[in-house]
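Novice: All I have is the shape, not the residue letters:
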Ligand SMILES: CC(C)(COP(=O)([O-])OP(=O)([O-])OC[C@H]1O[C@@H](n2cnc3c(N)ncnc32)[C@H](O)[C@@H]1OP(=O)([O-])[O-])[C@@H](O)C(=O)NCCC(=O)NCCSC(=O)C[C@@](C)(O)CC(=O)[O-]
């Protein structure tokens with residue numbers, strides 16, 4: 001018999017809650033500004049301190065994000081009225097170009113995220129330009145965001161597989177990651193956009209990234225979709241490889257409109273449940289997080305995709321007077 005291994009994971013993990021953006025961008029039901037605001041407030045009350053709350057993309061491309069300007073404006077006004085407990089709350093939004101950045105500056109976004117791809121075809125389908133053109137656009141966005149003192153996160157999609165091109169070699173991903181970080185992004189989130197990764201392919205990717213990025217590997221975050229039920233396993237091996245930032249979406253909402261077959265992101269409730277079990281600090285109150293998940297599922301009129309969320313919600317309902 002093998003020796004039972006001791007899991008070596010970071011003592012604290014930063015959770016980036018992407019439900020209000022990645023979660024809602026692909027929903028057939030359009031969610032009102034008021035309900036998006038309520039969702040973000042509930043997530044913040046549960047202790048989430050990094051929340052992606054909108055997307056300044058073309059409303060013709062992603063109609064469900066068309067109310068991001070109002071949502072972000074009202075949320076900033078709400079945040080300013082809260083006490084010091086909410087000062088660390090970062091409300092971020094997705095930005096593909098300078099037109100998006102200018103909206104982010106107007107709403108005083110706490111952070112923006114540019115989003116590129118390791119797959120040429122996905123880049124064209126998602127943002128209508130080649131990888132090289134996207135890097136030229138992002139360079140302008142990052143430079144102007146730096147002048148406006150807005151921190152920039154970067155996403156890199158299709159890091160394991162692409163819905164159009166199939167398997168993406170780890171070296172191609174690492175080279176693109178290097179280019180995105182060289183622009184001045186403080187964090188780089190690795191997107192398994194269609195959820196095809198397994199622990200083996202995840203470890204192979206992270207090894208290549210460690211080799212190419214050196215110390216910059218500390219800037220990496222992981223963003224797994226749970227299409228094949230591998231997201232938690234992939235997160236666990238990522239934590240063991242030293243990753244300490246994990247993206248997740250409340251109730252497992254999500255999917256990219258330009259990635260056919262992609263299902264929801266890993267559910268935040270499931271990630272927090274696992275991290276609690278590992279003794280890893282997240283600052284998130286799981287019971288309150290489950291309430292936020294129940295709220296948005298009621299709005300969308302569909303069940304939660306979170307296993308932990310569904311189980312905890314049932315216990316909460318049994319205990320309710
Ligand atoms: C990038 C573009 C705009 C290029 O789209 P385009 O058609 O090439 O852009 P354009 O510059 O020719 O402009 C076309 C129209 O869009 C407008 N426009 C132009 N820019 C903006 C803007 N920022 N905000 C609002 N409007 C904008 C512009 O004003 C114009 O309006 P018109 O004159 O026709 O009325 C388009 O392709 C787009 O919006 N794509 C976004 C698609 C998207 O949001 N996909 C989902 C993101 S999720 C993801 O990528 C994966 C991730 C991050 O979750 C991680 C993972 O899981 O892998």
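Specialist: Arrived safely, thanks for sending. Given the structure is predicted, the values throughout are model-derived calculations rather than measurements. Numbering: from 1, shown residues only.

Novice: Need the phi and psi values for the closest residue to the ligand within the stretch 201-321 of the chain.
Specialist: Among the residues of the stretch 201-321 of the chain, residue 256 lies closest to the ligand, at 4.4 Å counting by C-beta to the nearest ligand atom. All C-beta spots, glycine's among them, are computed from the backbone N, C-alpha and C. In terms of degrees, to the nearest 10, the main-chain angles of residue 256 are phi -90, psi 130.

Novice: try residue 211
Specialist: Summarising the backbone geometry of residue 211 under the convention degrees, to the nearest 10, its torsions are phi -60, psi -50.

Novice: hang on, isn't it packed against residue 177?
Specialist: No - taking contacts as C-beta atoms under 8 Å, residue 211 lies outside contact range of residue 177: 11.4 Å.

Novice: quick one, which of those two is more surrounded?
Specialist: When neighbours are counted by other C-beta atoms under 10 Å, residue 211 and residue 177 differ, and residue 177 comes out ahead with 27 against 12.

Novice: What's the mean pLDDT across the helix or strand hosting that one?
Specialist: According to DSSP states H and E, residue 177 maps onto helix 170-182. Summarised as a single mean, pLDDT over helix 170-182 is 98.

Novice: From the contact counts, what lies against it?
Specialist: Based on contacts counted as 3 or more C-beta pairs under 8 Å, 6 or more residues apart in numbering; DSSP states H and E, the elements that helix 170-182 packs against are strand 111-117, helix 131-147, strand 152-157, strand 187-192, helix 199-213.

Novice: Grab the nearest non-local neighbour of the residue of the stretch 201-321 of the chain closest to the ligand.
Specialist: Of all residues not flanking residue 256 in the chain, residue 262 sits nearest, at 5.2 Å (C-beta to C-beta, 6 or more residues apart in numbering).

Novice: and that neighbour, that one's in a helix?
Specialist: No - counting by DSSP: H, G, I helix; E, B strand; the rest coil, residue 262 is located in no helix; its state is coil.

Novice: residues near it, how many?
Specialist: The burial count for residue 262: 23, using other C-beta under 10 Å.

Novice: any idea how far it lies from residue 13?
Specialist: The span separating residue 262 from residue 13 equals 24 Å under the rule C-beta to C-beta, to the nearest Å.

Novice: What backbone torsions are found at the nearest residue to residue 194 once chain neighbours are set aside?
Specialist: Ranked by C-beta to C-beta, 6+ apart and with sequence neighbours excluded, the top spatial neighbour of residue 194 is residue 262, at 4.6 Å. The phi and psi torsions at residue 262 (degrees, to the nearest 10) take the values phi -70, psi 130.

Novice: wait, doesn't residue 262 sit right on residue 163?
Specialist: Yes - using C-beta under 8 Å as the test, residue 262 is close enough to residue 163 to be in contact (7.1 Å).

Novice: gap between the residue of the stretch 151-300 of the chain found nearest the ligand and residue 18?
Specialist: Residue of the stretch 151-300 of the chain nearest the ligand, by C-beta to the nearest ligand atom: residue 191 (2.5 Å). Using C-beta to C-beta, residue 191 is found at 10 Å from residue 18.

Novice: Just give me the neighbour total for residue 87.
Specialist: Applying other C-beta under 10 Å, we find 9 residues neighbouring residue 87.

Novice: Just the local confidence number for it, please.
Specialist: Note for residue 87: predicted pLDDT of 95.

Novice: try residue 29
Specialist: At residue 29, the pLDDT value in this model is 81.

Novice: ok, now the one 3 residues further on?
Specialist: At residue 32, the pLDDT value in this model is 97.

Novice: wait, it sits on residue 67?
Specialist: Yes - counting by C-beta under 8 Å, residue 32 touches residue 67, with 7.5 Å between them.

Novice: ok, residue 195 - contacts?
Specialist: Residues counted as contacts of residue 195 (C-beta atoms under 8 Å, 6 or more residues apart in numbering) are 224, 225, 226, 227, 228, 230, 231, 262, 263.

Novice: of those, buried ones?
Specialist: Members of the contacts of residue 195 that pass the buried threshold by neighbour count (16 or more other C-beta atoms under 10 Å) are listed as 224, 225, 226, 227, 230, 231, 262, 263.

Novice: Name the nearest of the residues you listed relative to residue 26.
Specialist: residue 262 (8.1 Å; C-beta to C-beta).

Novice: What separation do you get for the closest one and residue 224?
Specialist: With distances taken as C-beta to C-beta, residue 262 is found 11 Å from residue 224.

Novice: now the strands for the stretch 1-150 of the chain?
Specialist: Defined through DSSP state E, counting those that start in this stretch, the strands belonging to the stretch 1-150 of the chain, from first to last, are 14-17, 50-55, 90-94, 111-117.

Novice: what's the answer for the stretch 201-321 of the chain, then?
Specialist: Using DSSP E, counting those that start in this stretch, the strands of the stretch 201-321 of the chain run over residues 220-224, 245-248.
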